[in-house]
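Q: give me a 3D structure for the following:
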Amino acid sequence: MNGNNSKKSKKKILLLLLRVAVSVGLIGYFLYTLSIDEGSVGAALQKFGRAFSGASLIWLIPAFLLHTVGFSLISLRWKILLKPQGVNAKFSQLFKYYFMAAFFNTILPSTIGGDAVRVIESKKLTGDTGTSMMVVIIERLTGMMALGLIAAAALIIKFSRRSGQEELTWGFVLAILGGFVLLAYLAHPKVAPRILKFLGKFLPVKIHSFLEKAYGAVAMYYRRPRALFLALSVSLLFQFSMVVYYYLIARSLGQAPEPVDFLLKAPVLVFLLMTVPSVNGIGVRTHVFTHLMKFPGAVSLSVEVIDLGMKYIYALCGGLVFLLHRGAGRNRGPQKAAHRLH
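A: Numbering: from 1, shown residues only. Here you go, the predicted model:
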């Protein structure tokens with residue numbers, strides 16, 4: 001048992017080091033190239049300072065408020081996906097859990113922390129870890145699918161205008177939509193049981209049992225596809241709000257990207273922030289805004305700082321919610337004990 005815990009600890013440390021190395025490497029390389037372009041590190045930082053200090057609050061305030069809109073949408077999506085599992089959760093409760101997850105996502109060097117919190121809390125509602133985990137995974141998948149659909153819609157608009165399209169974006173759309181189709185096929189009730197039966201010959205009993213329970217949660221959405229389509233619709237609204245969020249930050253810094261072009265490229269940024277191993281996406285934003293969006297380096301770095309600043313403010317609010325939630329849980333324990341005595 002101690003050996004297994006030791007292996008898990010080593011894996012976590014290695015993953016942490018990888019994320020730190022990626023973020024440090026990306027930011028270091030970005031600052032190096034920016035200093036070469038501007039003549040020195042000092043000149044580069046001065047240009048960044050001018051760009052950052054010139055950010056307009058007229059655009060930043062609605063961008064900041066969009067975080068609350070986003071939390072509301074993904075809380076609704078979570079509620080929709082929990083209902084086919086027999087859980088009629090309160091919207092306010094799920095909204096609170098998302099705020100708590102934001103706290104853990106930001107203070108920990110990965111987005112796994114927040115998802116783990118949501119799995120733990122939703123287990124109290126579903127009564128099963130596998131079901132709770134699969135609901136969170138399906139949430140993530142609908143989010144990725146929505147990104148692919150938004151980029152695909154922008155591609156169609158650009159194609160109708162006979163504008164040039166980025167090869168990277170074509171690849172992104174095909175990979176997302178193709179991957180979703182493949183997953184939908186593998187999870188189909190006529191296919192998945194055969195795969196599980198085959199895996200049962202090799203996997204330990206506990207792991208195989210967990211996978212069977214997890215598949216049981218997925219199968220519910222094949223019986224009730226309306227919930228999945230509703231969740232995907234909410235994901236589209238949420239991811240679109242993320243695109244608008246980054247557009248507003250760009251406008252606050254004096255940039256005026258062409259809306260359809262931004263709608264095409266921003267989903268790539270959001271997808272990379274979800275998938276590239278880094279510390280809170282540090283370094284990913286600057287490179288995407290510089291190389292894909294074609295923003296000046298100082299502006300790209302300003303987007304990084306502004307985005308992180310907003311996320312940390314919401315994370316602090318999430319930390320306060322977590323402390324209040326934990327305190328309420330402790331108070332509930334003695335009350336339950338007293339009730340049993342009576």
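Q: and the gap between the residue nearest the centre of the chain and residue 190?
A: Within the chain, one residue has its C-alpha closest to the average C-alpha position: by Cα atoms, centre = their mean, that is residue 274, at 4.9 Å. Between residue 274 and residue 190 the computed distance is 30 Å (Cβ to Cβ, to the nearest Å). For glycine as for every other residue, the C-beta is placed from the backbone atoms N, C-alpha and C.
Q: coming back round to it: ok, the residue nearest to the centre of the chain touching residue 146?
A: No: contact criterion Cβ atoms under 8 Å: residue 274 and residue 146 do not qualify, at 11.6 Å.
Q: residues in contact with the helix or strand harbouring residue 212?
A: Residue 212 belongs to helix 205-223 when assigned by DSSP states H and E. With contacts defined as Cβ atoms under 8 Å, 6 or more residues apart in numbering, helix 205-223 is touched by 81, 84-85, 128-131, 133-135, 138, 187-189, 192-193, 196, 199-200, 203, 227-228.
Q: residue 55 in helix, strand or coil?
A: coil (DSSP: H, G, I helix; E, B strand; the rest coil).
Q: wait, doesn't it sit right on residue 252?
A: Yes: at 4.6 Å, residue 55 counts as touching residue 252 under the criterion of Cβ under 8 Å.
Q: please enumerate the shared neighbours of these two.
A: Common contact partners of residue 55 and residue 252 (Cβ under 8 Å, 6+ apart): residue 306.
Q: quick one, helices of the stretch 201-342 of the chain?
A: Remark: helices assigned in the stretch 201-342 of the chain by DSSP state H, counting those that start in this stretch are 205-223, 225-252, 259-275, 284-287, 297-341.
Q: relative to helix 225-252, how tilted is the first one?
A: Angle of helix 205-223 versus helix 225-252, following axes from the mean of the first three to the mean of the last three Cα atoms, to 10 degrees, is 90 degrees.
Q: next, the buried residues of helix 205-223.
A: For helix 205-223, burial by neighbour count (16 or more other Cβ atoms under 10 Å) applies to 208, 210-212, 214-215, 217-221.
Q: how about the third one?
A: Residues 261-273 are the ones in helix 259-275 that count as buried (16+ other Cβ under 10 Å).
Q: with pLDDT as new columns, can those be given to me in TSV?
A: Listed next are those as TSV, based on pLDDT from 0 to 100:
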residue	pLDDT
261	87
262	91
263	89
264	86
265	88
266	90
267	89
268	88
269	89
270	89
271	87
272	88
273	87
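Q: distance to residue 183 for the residues you listed - can I get that in CSV?
A: Below are the buried residues of helix 259-275 laid out as CSV (distance: Cβ to Cβ, whole Å):
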residue, distance to residue 183
261, 29
262, 28
263, 25
264, 24
265, 25
266, 24
267, 18
268, 20
269, 23
270, 19
271, 16
272, 20
273, 21
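Q: ok, so of the residues you listed, who is nearest residue 247?
A: Closest to residue 247 out of the buried residues of helix 259-275 is residue 262 (5.5 Å), distances taken as Cβ to Cβ.
Q: pLDDT value on the closest residue to the closest one other than its chain neighbours, please?
A: Excluding its sequence neighbours, the residue lying closest to residue 262 (Cβ to Cβ, 6 or more residues apart in numbering) is residue 247, at 5.5 Å. At residue 247, the model reports a pLDDT of 96.
Q: from what I can see residue 247 touches residue 255, true?
A: No: contact criterion Cβ under 8 Å: residue 247 and residue 255 do not qualify, at 9.2 Å.
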